[in-house]
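In: Make a model of this:
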Amino acid sequence: MPSTNPPSVFAADALLRRWSAQVAPHAVHLITPVPSRTSLAKLAVPGEVRAFVARYEPRIEGGGVYSHQAQVLEALGSHRRNVVLTTATGSGKSLAFWAWAFDLLRRDPRATVIACFPTQALLWGQADRLRRSSATESLVIRSEQPFAGEIAVGETRVPWTVWYGTQNCEDMKAHEKSESFENARIRLCTLDKAHWSLMRSQHEYFLRNIAGVIVDEGHVWQGVSGAHVRRMFDRLRVALDVLQAGYPSFFVASATLPDPGRFATLLTGATGFLAIDDGTAPRHELVAASEVPARLGAAPGLEGLHRFVLMVRASSDSLRSRDLLSNVELVGREAAALCFVQNKFEGHRLTADLVRDVRERRAVAYDADMSARDRRAVEREFQRGEKGVTYVATSALEVGVDLPALDLVVMDELPARRADLLQRLGRVGRAAERPGLGVLILGGGPADLRLLDEPATLIASSSRPLGIPLHLDSLRLKAMKACFGEHERRARSASIRGRLTASLERHFGEGIGESALDQRIADELSGLVELDDGAWVYKGFRTSASQGKIPLVLEASGKEVARIQDIAVFRDAHPEAVYLGHKGERFRILRYEGEFQVGEWRHPDSPVVLGKFMHQLRAVIVEQISERVATRGCWEDRFDLHTPKDLPPSGIAPATGALEYGIWDFLRHFDGYNEIELATGRTKRVKLADVSKRFKEAVQRGASFPFLHDFTYRTLGWQWHLARVLPEVEVRTRAAPMLSRLLHAWFCDAVECAPGDLEVELDPLEPALRVVDTTPGGNGLSAALLDDRIAAALAAARRAVAAESARGAEAFSKWITGELGVDPEASPKEIDDALQRLESPWRSERPRASTG
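Out: Next up is the predicted model:
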């Protein structure tokens, strides 16, 4: 007789039996109370909105609305038009913000609303929800996806549409020319699409009448990304001032935030937010790991949503997610499982291995390299709630996408931000009758060690947030320049120029003419960004070195098989590369298509000329091969200080050793690759000299050969001169590789960023510690470290060294080699001593940057 227990019970029991020695003695039980419900009939809600709500979510008729939804609905008639809604459960945020939006639209027949999401997965999920509420005859379907429709609100039919980039998307390109797009009063888009396009003149009618802006998953936008969003909304207000139109109301939907009203004001620039939460503060408790199976089995009879998190310390034989997911005796046949990976290549590789080795279960990949068609197909599968399937996904799946029947989430690499870890764990246990199990397979990194030491506190609480750095002058100047570009035609009128100047003063603190602004930009930014590029003011919206995605196209059919970030070409689509697809296919790179002339630009005070060589790469042409190999490119990065600048506001310098902050030149150079036999895992290094030799031979034969130019840009960062801090040359030389990797791990942890977002290196010969943003123009992370975070990061690294060395010389050596990827040439005592010396100047009295 089949078990009536949730599938997570089987997995927890099997895991504990197999790996009992490696499972941490305590697990974390996360309990999220389900919000109370109120009958829709008892609420004072306009009849048209009431009808929409009942149609949008049919279960409401019998079960009522959640308390936080009720608060939104009852506030519709009040003067408090700005709302920030936070919920720990993810229950019904979309119903709340759509009810808010349709109320705005029914009050004014010309009003428009834009709904902004952080990912296309969320956008398409919401488009599908609106499709279900739309009149069937109104739907516009392209490539099996809903692009537009009309929803009845009382006597009014409200048209809606999706809106995203048209580059390499013929469906969206055609749809943007259609009446259904032109007439839509609701646009669903990603925030970066709004950043690039909303204020342009061709969208003037929609913009002039904008009454509401929805920002979903608002907590995603912290740090520099949040500052970009705020400056975009400042530009929106400037555009509305120029058009003499009113400002929109804002609805920010988010996971739990410590001070949601203040955060929403910083993010949007709007004030007077009505802060609503779901009234269900999540609880957590430590429980014995051995009790987890029994508690999972009992959870369906308890109130609230329940998740249990087991932590497993990776063993010396490199225990990983695949060891759990590839064994049906551990994961079971029925469980729906999700494995988060930090790396698309490893995700594709894991998926291919599971497809090959686990016949009893299906395996499906999901990430941003997949074509839009393939991603939408997987998203539709999520909603069906299939059993016996393992999804292997990147961060593209961590926010907002609903997986109603998921039992198990597994990770062996933790995300940079603890808030993101909670989001990932929150993918399971989203139904009272289906409690969830999280399995964290932990190594020796900073976040891993913290979770093993203090699991409950560090899973259930958020660390110090980055905040939204509105002081960044580079973003302010870029946004002001964008305003002039967006209103160039209108500003030929003297009266409109006056309105533009007054609006810049109001929203950016400086009413300045375009000529004066251009001079300011030349003085402050010409050494940092490529001013000759007409789109420079719109770049860098996210914390990434990438400027866009490049399609991989089959030579034989012209079909697009994947889409990769441009800077990832060095890793995934380098010369002679074999790209591993999300279904296990292998594609060999044949050539690059584009215009590769060097786009020269120079700083007015320097003879240095940089070329943005990758700028014109349009497509990578590939062929499918049968060999079971894949490659990972190698490269050399070089950073050179170009122009010193003053420390940013709130920046702190150490008491000993000179600190230089400024603009840096970056150059990435292809340096060969590793070829991996997928069947055995054996790796062979192919040197650049071998590739160059074959390139020259191909040229002599007149044959085609993919050649990859360098990639360059300028960014921000600092270096700390260490001659007085670490004076012993021999010790510096032995310790530098280990210290560089340690500091990189713990500095990234201090600002909760991905390893690729920050460059950290200790140069033993200079000697200097260099910390540089990896994003063109700078991402603000190196500056955030100077905001009193370095001493704590160094102390945490020192505690980790002490704890690992206490386990013995062999364990310490394995930790250094396995976690940091370097040979332990220096002793634990030398490393500890060096970390103490580095920490001391940051704890002493030291100068703070001037804020004037």
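
In: For the rest of this, base every contact and every neighbour count on C-alpha atoms.
Out: OK.

In: Help me confirm that residue 272 is found in a helix?
Out: No. Judged by DSSP: H, G, I helix; E, B strand; the rest coil, residue 272 forms no part of a helix; its state is coil.

In: Show me which residues of the longest strand along the chain are buried.
Out: The longest strand of the chain (DSSP state E) is strand 659-677. Counting neighbours by 16 or more other C-alpha atoms under 10 Å, one finds that the buried residues in strand 659-677 are 659-676.

In: quick one: strands adjacent to it?
Out: Using DSSP bridges, the strands paired with strand 659-677 in its sheet are strand 629-645 (antiparallel), strand 683-686 (antiparallel), strand 711-721 (antiparallel).

In: now the helices for the stretch 551-700 of the chain?
Out: 569-572, 688-701 (DSSP state H, counting those that start in this stretch).

In: ranking those helices by burial, who's on top?
Out: helix 569-572 (a mean of 22; mean count of other C-alpha atoms under 10 Å).

In: Could you find the closest non-adjacent residue to residue 152?
Out: Excluding the flanking residues, the one nearest residue 152 by C-alpha to C-alpha, 6 or more residues apart in numbering is residue 158, at 6.1 Å.

In: The one you found should be in a strand, yeah?
Out: Yes. Judged by three-state DSSP, residue 158 forms part of a strand.

In: Show me what it is bridged to.
Out: Under the criterion used (DSSP bridges), residue 158 bridges to residue 151.

In: That one: how many residues sit nearby?
Out: Residue 158 sits with 21 neighbouring residues when counted by other C-alpha atoms under 10 Å.

In: check contacts around it.
Out: 105, 150-152, 184-186 (C-alpha atoms under 8 Å, 6 or more residues apart in numbering).

In: How about residue 765?
Out: So residue 765 contacts 729, 733 (C-alpha under 8 Å, 6+ apart).

In: From residue 729, how far off is it?
Out: 8 Å (C-alpha to C-alpha, to the nearest Å).

In: What helix or strand is residue 447 located in?
Out: helix 446-453 (DSSP states H and E).

In: list the buried ones in that helix?
Out: 446-452.

In: In a markdown table: those, plus distance to residue 798.
Out: What follows is these, written out as a markdown table (distance: C-alpha to C-alpha, whole Å):
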| residue | distance to residue 798 |
| --- | --- |
| 446 | 11 |
| 447 | 14 |
| 448 | 15 |
| 449 | 12 |
| 450 | 13 |
| 451 | 17 |
| 452 | 17 |
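
In: so can I have CSV of these showing distance to residue 101 and pLDDT?
Out: Formatted as CSV, the buried residues of helix 446-453 follow (distance: C-alpha to C-alpha, whole Å; pLDDT from 0 to 100):
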residue, distance to residue 101, pLDDT
446, 43, 84
447, 40, 82
448, 42, 85
449, 45, 85
450, 42, 82
451, 41, 85
452, 44, 85
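
In: Out of these, flag the one nearest to residue 821.
Out: Nearest to residue 821, judged by C-alpha to C-alpha, of these is residue 446 at 14.8 Å.

In: How many neighbouring residues does residue 302 have?
Out: With other C-alpha under 10 Å as criterion, residue 302 counts 10.

In: and if you look at the one 4 residues further on?
Out: Each residue near residue 306 was counted by other C-alpha under 10 Å, and the total is 28.

In: ok, back up a step: the residue nearest to residue 152 and residue 741: what is the separation?
Out: 55 Å.

In: same thing with residue 378?
Out: Distance from residue 378 to residue 741, by C-alpha to C-alpha: 37 Å.

In: and stretch 471-482, which residues are buried?
Out: Applying 16+ other C-alpha under 10 Å to stretch 471-482 flags 472, 474-482 as buried.

In: So what touches that stretch?
Out: Counting by C-alpha under 8 Å, 6+ apart, 227-228, 231-232, 235, 470, 504, 508, 514, 517-518, 521, 524-525, 537-538, 649 sit against stretch 471-482.

In: Just the buried residues of these.
Out: The buried subset of the contacts of stretch 471-482 - by 16+ other C-alpha under 10 Å - is 227-228, 231-232, 235, 470, 504, 508, 517-518, 521, 525, 537-538, 649.

In: With respect to residue 691, which of these is nearest?
Out: Using C-alpha to C-alpha, those come closest to residue 691 at residue 538, 36.4 Å.

In: Once you drop chain neighbours, what's closest to the closest one?
Out: Here the residue nearest residue 538, using C-alpha to C-alpha, 6+ apart, is residue 196, at 6.2 Å.

In: For burial, what's the neighbour tally of that neighbour?
Out: Around residue 196 there are 17 residues (other C-alpha under 10 Å).

In: Would you mind measuring from it to residue 409?
Out: 35 Å.

In: Can you give me the pLDDT of residue 316?
Out: With respect to pLDDT, residue 316 has a value of 49.

In: buried set for the longest helix anywhere in the chain?
Out: When the chain is parsed with DSSP state H, its longest helix is helix 729-750. By 16+ other C-alpha under 10 Å, the buried positions in helix 729-750 come out as 731-750.
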